[in-house]
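Asker: model this:
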Amino acid sequence: MVLNNLDRSTSLCAVDGGRSVDTTMGFTPLGGLVMATRSGTVDPGLVLWLLGNGLDIDEVRNGLEQQGGLLALAGTADMRAVR
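Answerer: Now for the predicted structure:
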């Protein structure tokens with residue numbers, strides 16, 4: 001397995017004999033690992049719950065794409081600041 005730096009855009013790639021056999025990348029940049037401000041893969045039920053509990057589509061999108069990830073988990077999108 002090869003690990004790219006955990007920064008703005010992050011993914012893992014499984015390598016067998018020098019050949020990529022699988023990745024963590026999904027259909028959109030939201031799939032896969034937690035990134036600086038992107039959530040990474042979440043349970044689809046979470047999106048339904050958020051929409052059903054007062055958030056509109058733009059608020060959910062903003063949360064998943066710009067206010068999620070490392071920023072939401074650690075209070076910063078800068079991996080160097082996380083201790």
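
Asker: identify the residues contacting the most centrally placed residue in the chain.
Answerer: In the chain, the centroid-proximal residue (CA atoms, centre = their mean) is Gly40; its distance is 2.0 Å. Each residue near Gly40 by CB atoms under 8 Å, 6 or more residues apart in numbering is listed here: Leu30, Gly31, Gly32, Leu33, Val34, Gly68, Gly69. In short, each C-beta sits where N, CA and C put it, glycine included.

Asker: OK, contacts around Val21?
Answerer: Ala14, Val15 are the contacts of Val21 under CB under 8 Å, 6+ apart.

Asker: name the element it belongs to?
Answerer: strand 19-23 (DSSP states H and E).

Asker: and the next helix or strand past that strand?
Answerer: Assignment by DSSP H and E places the next element after strand 19-23 at helix 44-52.

Asker: packing partners for that next one?
Answerer: Packing contacts for helix 44-52, counted by 3 or more CB pairs under 8 Å, 6 or more residues apart in numbering; DSSP states H and E, involve helix 57-65.

Asker: which residues sit against the helix it packs on?
Answerer: By CB under 8 Å, 6+ apart, the list of residues contacting helix 57-65 from outside reads Pro29, Leu30, Thr37, Arg38, Ser39, Val42, Val47, Leu50, Leu51, Leu55, Ala72.
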